[in-house]
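[1] turn this into a structure:
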Amino acid sequence: MNETILSRTVRRLFGGLAAGLGLLACQLAAAQDTPAQDTGGQPIQRVEVTGSSIKRIASEASLPITTIRAADFAKQGLTTAQDVLNTIPMNQTQTVSSSAVGSGTGGRSSADLRGLGGDKTLVLLNGRRLANHPYFADTVDLNIIPIAALERVEVLRDGASAIYGTDAIGGVINFITRRSVKGNALTVEGYEPLRRGGGSEQRINISGGLGDLGTDGYSMFGVLDYHQQSTLRATDRGFSRTGVRPERGMNEISRTTFPANFFSDLGIAGNPYFASGCSATGTSPDTAPASDDPVCEFDYTQYVDNIPKTRQYSAMGKFNRQLTPEHLASIEFVFGRNTTESRVAPPPLSNIGVTMTGASPYYPGAGIVPAFPGLTGENLDISWRPTETGGRINMDSSSTVRVLASLEGTLAGWDYNAGISHSLGRARSIFDAGYVIDQRVIDGVGAGILNPFGPQSPAGAAYLQDSLLLGEYLHARINSSAIDARASRELMTLPAGPLGFAIGAEFRRDRAKYFVNRALASQASSSGSADAQDQSGQRSIGAVFSELNVPVIKDLELNFAARYDHYSDVGGSFNPKVSLRYQPARELLVRGSFNKGFRAPTLFDLFGPQTTTNSSDTYNDPVLCPGGTAIPGANPNIVCEQQQNIRGGGNPNLEPERSRTWSAGIVLEPLPSLTVSADWWDIKLKDQISALAEQTIFANFERYRDLFVYNAAGNRLDYVLDITSNLGEVRTRGLDLSLLYRLPRNPFGNLSLSLDGTYVNKYDYQNERGGAFTQNAGRYADATPVFRWRHNLLLTLVKGDYTFNLSNRYMSHYVDQNTSVAPEFANNVDHYSTWALSTTFTGNKMFELTAGIKNLFDEEPPFTNQVTNFQLGYDARYADPLGRTVYARLTYKF
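    Got it, this is the predicted structure:
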C-alpha cells in the first residue's frame, strides 16, 4: 500500500477513535497506580497489569505474570538486565554480551521467552517501546536498560499480539521504573572473582528527586548509572583454554597458521617448520587422521575472550506535573550506552592471493627459512596469520535515547493516557587492533619484505605496522517516532460485576540506515564487511485495538481482545485473543487463553546489508575436500579443516511470521501461607524468519548444494549463501510451575521459599517449509539447546534489620551438539546448578549494605563440544565462567 493510502487509513483510525472518546484516549504505562475511589478512607488502587488494557483492582489480576522487584535482584547480586532475566526459567536467551566475540552482534544482549527467538519477545520500558538495536533491528539491547532506575520487572508468560502488536508472540517483558524518588542516594558495588584472571565488575549510581505531587503539584527525579566489567580471556580458565581436547574428540584448529602453511604450483602442501614441531605458541603439527600433509595447525582459541570488556552508561529523568486533580502530565528522558571490546585470533590470510615467489629471501631453502623437500622455486600460495600484530580487537558501541511526553488522567468517566515519543538507536563498529590491509600483505610477501614463516626484519615489522587498519567501518541508525492513545472504563454493571472496556490506537514511523565505510572495510577480508553495501529502509505502522472484560457469573470472567496492525511494506494482520478466569473458591483459580500472533520482518531482515564473513567452526569443503582429503590440485590449507566464507544479510522477499498459542492454568492456595500454580502452554509458529545454522548447511550438502557458490573455474568456494529466510514451523509446549511458601512468624524471623520452574515437553522445528521436524527439547540441535527443565529457587529469611537470601539456578542436562566429534566421543552435557548467598543490613536510615557470594560452590560450566560460539569447552550463553565471586553493595542516602 502506498503512503497516501496508508495516511488516509491512519487518519480514519484516529478519527474514529477521537469520535468514540471525545478528544482523548490513553496508553496506560503498565502497573502505574491511579486512585479509583475512596472506601473507608483508603483509596482502592486500580492498575493496568501487563498484558491487559483495562484498569482493575490489582488483586483481580489473573494473567500468568512473574514479577521481580528491584530491591530483590539487587540483593542477589544481579548487575545487569540480562542477569535479572536469567533468573526467569522460561527465558532461553541465545544472545548475550559474550556473543559479540567473533560474531558481529554489536555487543547486544537480548531476551528470548520460550526459546522462539529474541525477535518474538517484546521488551517494554514503562509499557512503551524502545528503539531496537540497529544491528538486526529485531530486539532491544538489554544493556541499555537503566537498571538503577527500576522498581520492578513484570514478565507476561503468554502471547500478547492482540494487546501490543507484532513481536509479542513469546511474551512481554516490561521494565517498570520508579514513579518518583524522594531524597538522594549514592550506590557503589564491586564484584571480584576469586579465581585468577579478569572478569571483575564495578558499578556506581546516583539518584535524587524532589517535589511531591500531592502537596507541591509536581515531582521530578533523575538517575545516573555506570557499570563496567573487565575482560576474561579463554586462557584464564582450564575448561576453555584450548579447542584441542583429544580425550573429548575435539580438534578445533585452523590451517591458517604462523609459521605459514603453503601450497605450491606443483601441488605440494607443507610447512618449513613442520619437522621441528612448528615452533610457535599455539601452533603444532597437523595430526588429523585424514591428512598426510606435513603442515601445521593453529589453536585459535587461545586468543578468544570468554567475557569481553564492557561498559554501560545509563541515565533517566522524569518530570511530573499535576495539571488538575484529574490530569497528570509527564516528560520522560531515557539514555543508555553500551560499549564492548572483544578479541579473537589474528586475521586468517588465506584464499586472498598471498603468493611467494622463488625470488623472496624468505623462500624455504633460500638461506633464512629451512628448506622443504620437493620445492624448486615454484610459486607458493601462503596461508598465514600475522601473530606479530596481535589478535583482532573489535570495538562495538550502541546507544538508545527515548523522549516521551504523556498525559493521563480521567475524563468523562474514562481512564485515559496518551503519549508521543521519539526513540533513536545508534550503533558503530570499529577496527581497534589486529586487522591488516589485505593488499599490502599480498604486496609485502610478493616483494620479499614480509616473512610469513618467521620473525620479521626491522623493515618487515615496520611495513606490517603500517598495514594495520584502524577506525570505524560500520555505522547504523534506527529512528522510531510514535503516537499512541488508550482509554478504558466500566461501561455498565452486570449482575455478575462491572463490564470493562478499553480501546486504543497507535501510529509509528520507523527508519533504518546502515552505512559501510568501504574505504576501510573493503581492505580487510577478515572484517566480515569487506563487500557490504549501504542500505536503508523505512515503514509506517498503524494499529487499532480493543478489549472487553465480561463477568459471566460471579466467579467467571471472559476477556476478549483484538488488534489490527497495518504495515506499509508487508500489509495488515488481525489478531484476536480470548481468555477466561474462573475462581469458584478463594483457594482455587482456573485460567486459560487462546490467541493468534503476528510478526512482520524487521527492516534489517528485509534490507540489512549482505556481508561475507568467516564461519564460527572449521569445515571440509564438501566438493574440494570430501571426507577430509583434498582432491588433486586443491589447496588443502584452504579447503580442508578451514573456516569457510558465509554470506548472510537481508532478504526483501520475506513474509511475516504467524502463530497461535493455547494456555491453561490453575492456581491453588490450600493454606494462607502457600500458593502453587501450574500453567500449560502450547505454541505453533509458521514461516519462522531466520537464517539456517551453518552446521546444518555443511552437514547436509546434498540438500543445500545450491547455497554453495564456487568461482567460475570450480576450484574455490567463494561463499555459502545463508541470508535470512522463511524456514518453516516451530511447535513447542510445556509447563510453568510456581510455588511460594511463607512460614508462620517464628523466633528465627520471617522465612519464605519460592520456586519458579519451566518444563519443556516439546520443541520441534523445520528448516524449510514442509520439511522434516528436528527435535530440540533436551538436545543441542543445529545452533542451540533447549533445556527440558530450568528453575530458580529462592529462600529468604528476614530477621530484624537483616535479610538473608540463598538462591539456586538450575538447568537440566541435554544431548550435546556432537557434530564436530567422532561417534565414539558423543557427549551428554551435564546439568548446571549454581548457588548464591547474600545478606543485607538496613538498620541505619542513611546506609544499606549488601554482601554476598555468587557461585557459592565454585561450580565449573559443564563441558560441551559445541562449535557455534567462538568460546569452546563450555557454552558462554548459559554458563558463567567466572567461578566463585564475592561482592558488596553500599547505598548512602542523603
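[2] buried residues of the lengthiest strand in the chain, list them for me.
    When the chain is parsed with DSSP state E, its longest strand is strand 471-494. Of all the residues in strand 471-494, those buried under the rule 16 or more other C-beta atoms under 10 Å are 473-480, 482-490. C-betas here are computed from N, CA, C, even on glycine.
[3] now do it: which elements does it pack against?
    In terms of contacts (3 or more C-beta pairs under 8 Å, 6 or more residues apart in numbering; DSSP states H and E), strand 471-494 is packed against helix 3-21, strand 128-129, strand 414-433, strand 497-516, helix 518-521, strand 535-553.
[4] which neighbours in the sheet does it have, and how are they oriented?
    strand 414-433 (antiparallel), strand 497-516 (antiparallel) (DSSP bridges).
[5] shouldn't V441 be within a helix?
    Yes. V441 sits within a helix when classified using DSSP: H, G, I helix; E, B strand; the rest coil.
[6] including mean pLDDT, mean neighbour count and distance to P272, could the helices and strands packed on strand 471-494 go into CSV?
    Below are these laid out as CSV (pLDDT from 0 to 100; neighbours: other C-beta atoms under 10 Å; distance: least, C-beta to C-beta, whole Å):
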stretch, mean pLDDT, mean neighbour count, distance to P272
helix 3-21, 38, 14, 65
strand 128-129, 90, 21, 59
strand 414-433, 95, 21, 28
strand 497-516, 93, 21, 39
helix 518-521, 84, 17, 33
strand 535-553, 93, 19, 45
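[7] orientation of the longest strand of the chain relative to strand 535-553 in degrees?
    Computed by axes from the mean of the first three to the mean of the last three C-alpha atoms, to 10 degrees, the angle separating strand 471-494 from strand 535-553 equals 20 degrees.
[8] what's the mean pLDDT across strand 471-494?
    Averaging pLDDT along strand 471-494 yields 94.
[9] can you give me the strands for the stretch 751-894 of the chain?
    Here the stretch 751-894 of the chain has its strands, by DSSP state E, counting those that start in this stretch, at 773-775, 780-781, 784-785, 789-799, 802-811, 814-815, 828-829, 832-841, 847-854, 885-893.
[10] re earlier: roughly how far is the longest strand of the chain from the heart of the chain?
    Centre-to-centre, strand 471-494 and its host chain are 21 Å apart (C-alpha atoms, centre = their mean, to the nearest Å).
[11] could you pull out the buried residues of stretch 346-353?
    Here stretch 346-353 shows 346-352 as buried, counting by 16+ other C-beta under 10 Å.
[12] farthest pair within the residues you listed?
    P346 and N351 (15.7 Å; C-beta to C-beta).
[13] quick one, which of the strands of the stretch 751-894 of the chain gets closest to G374.
    Closest of those to G374 is strand 780-781, at 43.5 Å (criterion: C-beta to C-beta).
[14] quick one: strands adjacent to the closest one?
    Strand 780-781 has the following strand partners under DSSP bridges: strand 784-785 (antiparallel).
[15] just read off the phi/psi values of the residue nearest to the spatial centre of the chain.
    Centroid check for the chain by C-alpha atoms, centre = their mean gives S110 as the closest residue, at 2.5 Å. Dihedral pair for S110: phi -140, psi 160, per degrees, to the nearest 10.
[16] ok, back up a step: could I get the helices and strands packed on strand 471-494 as CSV with distance to G757?
    Converted to CSV, these look like this (distance: least, C-beta to C-beta, whole Å):
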stretch, distance to G757
helix 3-21, 42
strand 128-129, 30
strand 414-433, 35
strand 497-516, 32
helix 518-521, 46
strand 535-553, 30
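[17] what's near enough to touch T256?
    Taking C-beta atoms under 8 Å, 6 or more residues apart in numbering, we find T256 in contact with 298, 348-350, 383-385, 637, 642-643.
[18] closest one of the residues you listed to V550?
    Of all the contacts of T256, Q643 has the smallest distance to V550: 59.5 Å, by C-beta to C-beta.
[19] strand partners (parallel or antiparallel) of the strand or helix carrying L740?
    Taking DSSP states H and E as the definition, L740 sits inside strand 730-742. When pairing is defined by DSSP bridges, strand 730-742 lines up against strand 674-686 (antiparallel), strand 750-766 (antiparallel).
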